[in-house]
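# dropping the sequence and predicted coords here.
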Amino acid sequence: MLRVDDLVVRYGRSPALRGVSFRVDEGQVVSLVGPNGAGKTTSLKAIVGLVAPASGSITVDGESVLGRRPEALLRRGLSLVPEGRHIFGTLTVEENLRLGGTARKDKRALRADVREFMERFPALGRRQNSPAGKLSGGEQQQLAIARALIAKPRLLMLDEPSLGLAPLIVEQIFDIVAQLRAEGGTVLLVEQNAAKAVALADVSYVLQSGEVVMSGTADEILASDDIVDSYFGGR
Ligand code: ATP
């Protein structure tokens with residue numbers, strides 16, 4: 001569905017991506033892992049048109065999306081939940097969810113979906129009329145994911161969804177991704193929590209200093225002592 005080939009992105013003179021390639025097929029969970037500053041967020045920003053690559057290609061269903069605006073990519077079914085969640089704190093939980101569906105024409109079905117999501121994420125249902133800013137960090141992350149899902153994306157991209165959350169809540173967030181996969185959803189997951197992300201993903205790419213240093217299934221990645229020592233805290 002998504003192919004990124006030989007992508008180069010520079011901020012001024014300093015290269016953030018030095019020729020990154022990866023692909024996401026329909027129904028897969030693919031993770032991009034690696035340390036701070038490796039280029040994970042930049043990869044997502046390039047896909048949704050928030051940064052302009054110096055070279056390389058990005059295609060969705062074989063068609064280039066370079067130079068497209070974020071709204072156009074949303075219409076093609078690509079939805080990004082950015083790091084830091086960016087929910088609207090003064091709006092209620094329900095209002096935030098409804099905003100996720102502004103691009104949808106089927107308003108009646110949208111209302112039904114908003115109700116369904118509040119059942120599917122009970123923490124959100126209980127706080128339906130509360131300002132979203134009053135939710136805990138984990139609840140806000142759930143809201144951000146639910147809001148993205150309301151748009152019925154074909155590819156959901158999550159940037160560091162577990163960042164800053166307590167271990168139990170991190171489990172809940174990973175459970176949501178596992179459930180999406182079980183339902184046939186397609187997810188590109190950026191995570192610093194490499195061990196968990198790689199264990200969950202069908203395929204993972206390890207980024208370091210703007211390059212993919214290894215890719216493969218969990219078994220393939222965890223078979224490499226170098227990679228385990230460098231990025232997973234050793235065996
Ligand atoms: P993090 O987990 O910290 O977000 P990351 O792997 O997502 O890390 P990026 O945010 O993509 O990494 O950053 C890649 C490189 O680009 C880093 O060296 C970073 O300092 C640099 N960088 C990122 N955003 C900018 C920017 N707006 N201007 C200049 N340099 C930037």
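Perfect, I can see it now.

# next, the nearest residue to Val20 once chain neighbours are set aside: secondary structure please.
Closest residue in space to Val20, ignoring its immediate chain neighbours: Leu7 at 4.7 Å, by C-beta to C-beta, 6 or more residues apart in numbering. The way it works is simple: take the backbone N, C-alpha and C, and place the C-beta from them, glycine included. Three-state assignment for Leu7 (DSSP: H, G, I helix; E, B strand; the rest coil): strand.

# Leu7 reaches Lys45, doesn't it?
No. Between Leu7 and Lys45 there is no contact under C-beta atoms under 8 Å: 11.0 Å.

# neighbour count for these two, which is higher?
Ranked by neighbour count (other C-beta atoms under 10 Å), Leu7 and Lys45 place Leu7 first, with 25 against 19.

# gap between the more buried one and Phe22?
9 Å (C-beta to C-beta, to the nearest Å).

# repeat for Val4
Distance from Val4 to Phe22, by C-beta to C-beta: 5 Å.

# just want to know which of those two has more residues nearby.
For Val4 versus Phe22, the count of surrounding residues by other C-beta under 10 Å is larger for Val4: 23 against 20.

# can you list the buried residues in the lengthiest helix in the chain?
In the chain, taking DSSP state H as the definition, the longest helix is helix 167-182. Residues of helix 167-182 classed as buried by neighbour count (16 or more other C-beta atoms under 10 Å): Ile169, Val170, Gln172, Ile173, Phe174, Ile176, Val177, Leu180, Arg181.
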